[in-house]
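Engineer: The following block contains a protein sequence and its predicted model.
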Amino acid sequence: MAVTSNFTAFPERHSPAPKIVCRKKERDRGQNLPYKVIEITPPPKSLGVRCFPPNLQCGESVTIEGQAYTISAVTHRYQLRKGKYEPSEKRLDVLSTGRYILNLYLDNLLDKS
């Protein structure tokens, strides 16, 4: 009796990144792109992959699972493959809106002292 499997002992070296597609209800709202969302309040916590419009900026407010967050950084990473840079990851660093406002207030106090 022979057993076969799709597992290989030596995986391909340059396998493409998995393609993430936005859900239909998110895609219908326009051209949305998948972003990896990280809440950066210590300790950092992943909020998963979410679809948002491509023109997000720092300071904008987004709602994820009923909770309001403010974007503190937008990162686009590229990887060199076959002599060309290709997009590899889009990432949003977010803070809860209350924490973001508190950080702004504390930064302002520090600047005044």
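Structural biologist: Done, it's in.

Engineer: Grab the nearest non-local neighbour of the most centrally placed residue in the chain.
Structural biologist: In the chain, the residue lying closest to the centroid (CA atoms, centre = their mean) is K36, at 2.0 Å. Nearest non-adjacent residue to K36, counting by CB to CB, 6 or more residues apart in numbering: R91, 4.7 Å away. Heads up, the C-betas are built off the backbone N, CA and C, glycines and all.

Engineer: Mind listing what's buried along the strand or helix carrying the one you found?
Structural biologist: Per DSSP states H and E, R91 falls inside strand 84-96. For strand 84-96, the neighbour count (16 or more other CB atoms under 10 Å) marks K90, L92, D93, V94, L95 as buried.

Engineer: Please identify the pairing partners of the longest strand seen in the chain and their relative orientation?
Structural biologist: As assigned by DSSP state E, the longest strand anywhere in the chain is strand 67-81. Using DSSP bridges, the strands paired with strand 67-81 are strand 61-64 (antiparallel), strand 84-96 (antiparallel).

Engineer: how far away is H76 from Y85?
Structural biologist: 11 Å (CB to CB, to the nearest Å).

Engineer: after the helix-or-strand element of the chain with minimal mean pLDDT, next one along is what?
Structural biologist: The weakest-scoring helix or strand in the chain, judged by mean pLDDT, DSSP states H and E, is helix 24-27 (a mean of 52). Where DSSP H and E defines the elements, the next helix or strand beyond helix 24-27 is strand 33-39.

Engineer: Now do that following strand and strand 84-96, the angle between them.
Structural biologist: Interaxial angle of strand 33-39 relative to strand 84-96 (axes from the mean of the first three to the mean of the last three CA atoms, to 10 degrees): 50 degrees.
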